[in-house]
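Asks: Coordinates for the following, if possible.
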Amino acid sequence: MGERFLRNFDLSTLSLVSGTFVDEDLRRHEVDLLFKIQATEKLVYIYVLVEHQSTPFAMMPVRLFRYVSKIYQALDAENRSQRHVPEIIPVVLYNGERRWTAPVKLSDFYSRPTLTGLAGVAPIELEYKLFDLSATSDAQIRERKRVTTSVAVLSLLFLKHFRNEYFGQLLKEWASFFKDAYRETKGESFVQAAICYILESTNAAHEDLIDCIVPYTEPEVEFVIKTTGQKLREEGRIEGRQEGRQEGLTMGRQAAAKALRLILLSRFRDLTDDQNRKIDVASFEQLDTFLDRAFVVGTVDEVLR
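Replies: The predicted model follows:
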């Protein structure tokens, strides 16, 4: 999507459509966003699926076909008087540790020749645009500032590096983006949300934020960083991670639970409500034990015993 996208789409018309189309049992590791934007003489929808699995999901075109079908159902219910079907552009944003090798087209799963092809009709097709963060350098992400916003650049950097044990050290390199993001959002909303994400989903400490960002940003950003961190501390939402780090562990409890879910889902495809509850209530030490078993036992119940 780069400069060609800018030539054909009016970014000033970009808006977020409310709702989610992800299957309920997958919402723990998938987030979706539906945007609408004015293109040359028509309205186009862009469906972005943020895929948090640590490994590629082979059947992604099939899953996306299901989600896009839900979008068309919703649009049809709202716009029954329209006589045209709007275009939907599916985009998958992947931040796993292994490069994405799964098919990007539904037709890649068809046998050759297809029966529909023999019958003289075209088979159903769906192709998505892949944005693989594991195959994208930080420089390439930062260069997107020319065609997008600092908020978008920071979001991509967070998604790419949230598992990095040196996340705190990377923050200094991103200080200018924090300052610009603050200006773009005309207030503290994004910076505050970003700080919450960093403190709860990475191994960076509040002190990392203060030491790495505050000297390079404006007083307003410094105030948001310090007050948000203090609020989280008062709510007891970062002490547990700090204790884990003091014990020499590189992942906080929340990150360990997320990693465990991704491993189990990649091996066994589904988790029951009871299994999800066991993960939710497990202590940090229990999660560490579960992770040790996750690759060697034969069932989810054996992992969580």
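
Asks: When you work out contacts or count neighbours from here on, use the C-alpha atoms and nothing else.
Replies: Fine.

Asks: Where does the prediction get shaky in the stretch 1-150 of the chain?
Replies: For the stretch 1-150 of the chain, the stretches with pLDDT under 70 are 1-6, 28-29, 79-83, 112-120, 147.

Asks: Quick one: the strands in it, in order.
Replies: Using DSSP state E, counting those that start in this stretch, the strands found in the stretch 1-150 of the chain span residues 9-17, 30-39, 42-51, 87-94, 129-132.

Asks: would you turn those strands into JSON lines with mean neighbour count?
Replies: Written out in JSON lines, the entries for these read as follows (neighbours: other Cα atoms under 10 Å):
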{"stretch": "strand 9-17", "mean neighbour count": "13"}
{"stretch": "strand 30-39", "mean neighbour count": "17"}
{"stretch": "strand 42-51", "mean neighbour count": "18"}
{"stretch": "strand 87-94", "mean neighbour count": "19"}
{"stretch": "strand 129-132", "mean neighbour count": "16"}
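
Asks: who wins for proximity to Arg66 among these?
Replies: For these, proximity to Arg66 was assessed by Cα to Cα; strand 87-94 is nearest, at 11.6 Å.

Asks: hey, C-alpha coordinates of the closest one in PDB?
Replies: Extracted in PDB, the C-alpha atoms of strand 87-94 (Å, rounded to 0.1, in the frame of the first residue of the first chain):
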ATOM      1  CA  GLU A  87     -15.000  -3.500  -2.100                       C
ATOM      2  CA  ILE A  88     -13.300  -4.900   1.000                       C
ATOM      3  CA  ILE A  89      -9.500  -5.000   1.100                       C
ATOM      4  CA  PRO A  90      -8.300  -7.700   3.700                       C
ATOM      5  CA  VAL A  91      -5.000  -7.000   5.400                       C
ATOM      6  CA  VAL A  92      -3.200  -9.300   7.900                       C
ATOM      7  CA  LEU A  93      -0.700  -7.700  10.300                       C
ATOM      8  CA  TYR A  94       1.500 -10.400  11.700                       C
END
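
Asks: got the contact list for that strand?
Replies: Residues lying outside strand 87-94 but in contact with it, judged by Cα atoms under 8 Å, 6 or more residues apart in numbering, are 43-53, 64, 68, 100, 127-134.

Asks: Can you name every helix or strand that the lengthiest helix in the chain contacts?
Replies: Assignment by DSSP state H gives helix 60-78 as the longest helix of the chain. Packed against helix 60-78 by the contact rule (3 or more Cα pairs under 8 Å, 6 or more residues apart in numbering; DSSP states H and E) you find strand 87-94.

Asks: partners of the strand it packs on in the sheet?
Replies: Strand 87-94 has the following sheet partners, assigned by DSSP bridges: strand 42-51 (parallel), strand 129-132 (parallel).

Asks: Of those strands, which is nearest Tyr72?
Replies: Among the strands paired with strand 87-94, the nearest to Tyr72 by Cα to Cα is strand 42-51 (10.4 Å).
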